[in-house]
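Engineer: This is a predicted model, with the sequence first.
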Protein chains: 2
Amino acid sequence: MAKLTKRSQDYSQWYIDIVTRAEMADYAPVKGCMVIRPWGYAIWERMVRALDDMFKATGHSNAYFPLLIPQSFLQKEAEHVEGFAPECAVVTHGGGKELEEPLVIRPTSETIIWAMYKKWIQSWRDLPLLLNQWANVVRWEMRTRLFLRTAEFLWQEGHTAHATAQEAVEEAERMLGVYRNFAEQWMAMPILAGRKSEGQKFPGAVTTYTIEALMQDGKALQAGTSHYLGQNFAKAFDVQFQNRDKQLEYVYATSWGVSTRLIGALVMVHSDDAGLVLPPRLAPLEVVIVPILKADADNAGIVTAAYRIAEPLDEKVRLRVDNRDNVSPGWKFNEWELKGVPIRLELGPKDLAENKVVLVRRDTGEKMPISQDEVVFKVPEILEEIQASLYKKAKERLEAGCHQAGSYDEFKKVLDEKGGFVFAPWCGSRECEARISDETKATIRLVPDGAEECPACMRCGKGPAKRVPFAVAY
Amino acid sequence: MAKLTKRSQDYSQWYIDIVTRAEMADYAPVKGCMVIRPWGYAIWERMVRALDDMFKATGHSNAYFPLLIPQSFLQKEAEHVEGFAPECAVVTHGGGKELEEPLVIRPTSETIIWAMYKKWIQSWRDLPLLLNQWANVVRWEMRTRLFLRTAEFLWQEGHTAHATAQEAVEEAERMLGVYRNFAEQWMAMPILAGRKSEGQKFPGAVTTYTIEALMQDGKALQAGTSHYLGQNFAKAFDVQFQNRDKQLEYVYATSWGVSTRLIGALVMVHSDDAGLVLPPRLAPLEVVIVPILKADADNAGIVTAAYRIAEPLDEKVRLRVDNRDNVSPGWKFNEWELKGVPIRLELGPKDLAENKVVLVRRDTGEKMPISQDEVVFKVPEILEEIQASLYKKAKERLEAGCHQAGSYDEFKKVLDEKGGFVFAPWCGSRECEARISDETKATIRLVPDGAEECPACMRCGKGPAKRVPFAVAY
């Protein structure tokens, strides 16, 4: 197997090498589109299952809204159309005829969903309405990268309707909390959380909440957003309800989403020069057992022993016995390292004689002989250790990647030399935000709750200012 | 609540009433598209889970291929383009510009998938390749009906690649078997199975296998198809592999799919004039517990008892305690009957005093008082009885709906008076098939394995002929 590009050599190419060589995704014939291959899709299935359980535990139901949206719907909310119209794929013909009104493929579903909510919501008794959908969306992108930015991607989008502003704000914050828990506990990915600046918020939102992660190359990645939409979409689609005082009032809304982009984040947070490193909770396989087969030898005893060891473990973890006889053990080791399986159990004739297996951790490379009788409880323990250890390492990297700057010169120097999140004072104006971004390529990733007050903005010198994290982002 | 249309009055309207009033689906703003509401989607989630487990148990992995397909791809297989091009939705603009080549929204994914298989398959070692995807597809339809026929629908499509024709045929037959098991064991829906005639097969297939169900109005419904595609798509996309003898050979293929249409079939097979009747294995809720609350009374004891009864049952079945206090018990009974929940447990003050609950079966309306101590094992038993009983009733209806005819006159008479599947002799020609269909609206639903040989076709009088089931179909 040809070696992967090293991170130190070309980080971007290293990322693409892993995604394609581990058979997670491939380029589709249509520019900007991707094919998600079984190894990548199995990770997505794990993500979907975990998130879906969390959505249901917080009272949400799934539904499915149409792919195609009348172009006029998008135009009903002024900021929304400005944000999304330039990215739309437009259907002009159907069934061999030109359509009376062009249809756009959903770039996000607020407009079609609020057109339906108009039919379904009349009274406070119909609220809250807590729906989610798992769907594909299309946003025409010029510069694409597998998983991170593609013209079509898979995601979930929650869309909720509430009787009061307070309840909707609480919902938006609750769902950001769900994303935070998912990132930390499942992806082993620490994050910063806060609100987007006016310049960075979702088109049509009053407030956008975000979680932001740090990749190994010092760039930030927006991993999930939750929006308090106020009454903007209710007004655009005239959705009023009779409140408990029998008054008509516009409904309050939220929307929130995460996408297959998270798979890209997962790759970039944990992986190394040998390939993918997966946190056990999201790994399609947690354990691979490799019996060391010898050419021209009777391997039956080894294979039988491998299945005997696998049997009680199979009920506890996702595992595979790799008994292929057309590739060498070394080839298998490389393949499963490339694919990021957290634990490999090697079983050779000597191990068999000594009632042992050799356990190899993907994250540290550590090899430890363990008794075959211990496998069934040792392996789940070590999987938990790996999950915790990946989070700890990523957390240390995030902390080491957070820097402070006072002046604009210092800011540019730190950003250039160290990357990561550079916390610096900003006056809150869109003008300064845009200038800093133009001049440094760094954007304000979020405004933390309780951000430190500073006397003056690093760009315009005016005060009061707040200390916020800037970063170059994916 | 206004009453549903009765089946005897207007079967079509009865169906639409159930789907909309039970909040399974609604009409979308774009003609021919639907919104799947939470109650309908929850049934689909149950179907997906069951089928997905069966696909994985037979060695398949999930993947995801792009929504958008270059128009030229569709044209590479002659029958395929003829079958699907007239139904396509076409994207002509993206990102504000006219596209160089129009893209179609996938009506099915053979072409895009085989374009990828060309990249992935080189050797017999790469085979078999057993992939499935869960996706939305669009087929521009003029006459649509919720779930049964919509412009956009959700489905799964399996696409497999094999080294030999025999292996591919076995795969196509195996997957028809999976569909058959799913229909019978999960949907409690008996079916006829066989091959499609040349006139009815999938555009691009060598053989299409089908399962066909019978609705209560005597119409047939195609519930799932599996196709042996031979080397047609491999040749269209030039996908060759090196076989074990180091010769280049075209790959053999299958594809197979079922869709949200199954939800429509489920409604029409079991439901009655009071609403939806669901087989327990696919019901979003299997049991609803309704405490009978009295206005102006202390209901705390009853509500507490309802939750106490629910607790041990909750681990075994999907249940809900309906403790809403803004609607009457009678209103709740109607609502849960309309939504098809298999078992209702009523708990009033008298029941409480006697340590009883009243169990009501949705399928038969039967009411039986049972001891509260028995609930935890009686309820799962009765759910199994309901599942078996629904299948038995539907099976009897299918058998009673199968008729025989010898002459063409008799055929038309039986079809007109009784409906259902009318088995009659056919010579095998596409010409007779088309004429019979034009003259009677009935189509050949399938050719059974080992169909009875007859001396003469009922239409042209020529022999030899086979006895095949005709029906008017959805």
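Structural biologist: On my side now, so go ahead. Numbers count the residues shown, from 1 in each chain, chains lettered A, B, ... in the order given.
Engineer: buried sites along stretch A:5-20?
Structural biologist: A:5, A:7, A:11, A:14-19 (16 or more other Cβ atoms under 10 Å in any protein chain shown). To be clear about C-beta, it is placed using only N, CA and C from the backbone, and glycine gets the same treatment.
Engineer: Just give me the closest of the residues you listed to residue B:395.
Structural biologist: For the buried residues of stretch A:5-20, the closest approach to residue B:395 (Cβ to Cβ) belongs to residue A:19, at 50.1 Å.
Engineer: Would you mind writing the CA trace of the helix or strand in which the closest one is found as CSV?
Structural biologist: In the assignment (DSSP states H and E), residue A:19 maps to helix A:11-21. The C-alpha trace of helix A:11-21 is given here as CSV (Å, rounded to 0.1, in the frame of the first residue of the first chain):
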residue,chain,number,x,y,z
TYR,A,11,-2.6,18.8,5.6
SER,A,12,-5.3,19.1,3.0
GLN,A,13,-4.0,16.3,0.9
TRP,A,14,-3.6,14.1,4.1
TYR,A,15,-7.3,14.7,4.7
ILE,A,16,-8.3,13.7,1.2
ASP,A,17,-6.0,10.7,1.2
ILE,A,18,-7.7,9.4,4.4
VAL,A,19,-11.2,9.9,3.1
THR,A,20,-10.6,8.3,-0.2
ARG,A,21,-8.2,5.5,0.8
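Engineer: Which strands and helices lie in contact with it?
Structural biologist: Packed against helix A:11-21 by the contact rule (3 or more Cβ pairs under 8 Å, 6 or more residues apart in numbering or on different chains; DSSP states H and E) you find helix A:261-270.
Engineer: now the angle from the helix it packs on to helix A:11-21?
Structural biologist: Counting by axes from the mean of the first three to the mean of the last three Cα atoms, to 10 degrees, helix A:261-270 lies at 120 degrees to helix A:11-21.
Engineer: Mind checking if helix A:261-270 is in reach of chain B?
Structural biologist: No. Using Cβ under 8 Å from any Cβ of the partner chain, helix A:261-270 stays clear of chain B, coming no nearer than 11.4 Å.
Engineer: That helix packs against which elements?
Structural biologist: Secondary-structure packing of helix A:261-270 (3+ Cβ pairs under 8 Å, 6+ apart): helix A:11-21, helix A:38-57, strand A:207-214, strand A:220-230, helix A:375-400.
Engineer: Name all residues that make contact with the nearest residue to residue A:24 once chain neighbours are set aside.
Structural biologist: Closest residue to residue A:24 apart from its sequence neighbours, by Cβ to Cβ, 6 or more residues apart in numbering or on different chains: residue A:40 at 3.3 Å. Shown in contact with residue A:40 (Cβ atoms under 8 Å, 6 or more residues apart in numbering or on different chains): A:19, A:23-25, A:147, A:263.
Engineer: same thing but 7 Å
Structural biologist: Residue A:40 is in contact with A:24-25, A:263, counting by Cβ atoms under 7 Å, 6 or more residues apart in numbering or on different chains.
Engineer: The helix holding residue A:19 vs helix A:38-57, what angle?
Structural biologist: Angle between the axes of helix A:11-21 and helix A:38-57 is 90 degrees (criterion: the same axes, to 10 degrees).
Engineer: Going C-terminal from helix A:11-21, what's the next secondary structure element?
Structural biologist: On the C-terminal side of helix A:11-21, the nearest following helix or strand under DSSP H and E is strand A:25-27.
Engineer: Quickly run through the sheet partners of that next one, with directions.
Structural biologist: Under the criterion DSSP bridges, strand A:25-27 sits next to strand A:34-36 (antiparallel) in its sheet.
Engineer: gap between the strand it pairs with and the chain center?
Structural biologist: 16 Å (Cα atoms, centre = their mean, to the nearest Å).
Engineer: Now tell me what touches it from outside.
Structural biologist: Applying Cβ under 7 Å, 6+ apart, the external contacts of strand A:34-36 come out as A:25-28, A:44, A:146, A:150, A:260, B:63-66, B:116.
Engineer: Repeat that for stretch A:377-397.
Structural biologist: For stretch A:377-397, contacts defined as Cβ under 7 Å, 6+ apart pick out A:184, A:188-190, A:214, A:269-270, A:279-281, A:286-287, A:313, A:316-317, A:342-343, A:359, A:361, A:363, A:370.
Engineer: cool, stretch A:248-258 as well?
Structural biologist: Stretch A:248-258 is contacted by residues A:110, A:121, A:127, A:155-162, A:164-165, A:168, A:171-172, A:175, A:179, A:223-231, A:233-235, A:239-243 when judged by Cβ under 7 Å, 6+ apart.
Engineer: Could you check that stretch and say which residues are buried?
Structural biologist: Residues A:250-258 are the ones in stretch A:248-258 that count as buried (16+ other Cβ under 10 Å).
Engineer: Okay, and which of the contacts of stretch A:248-258 map to helices?
Structural biologist: A:110, A:165, A:168, A:171-172, A:175, A:179, A:233-235 (DSSP state H).
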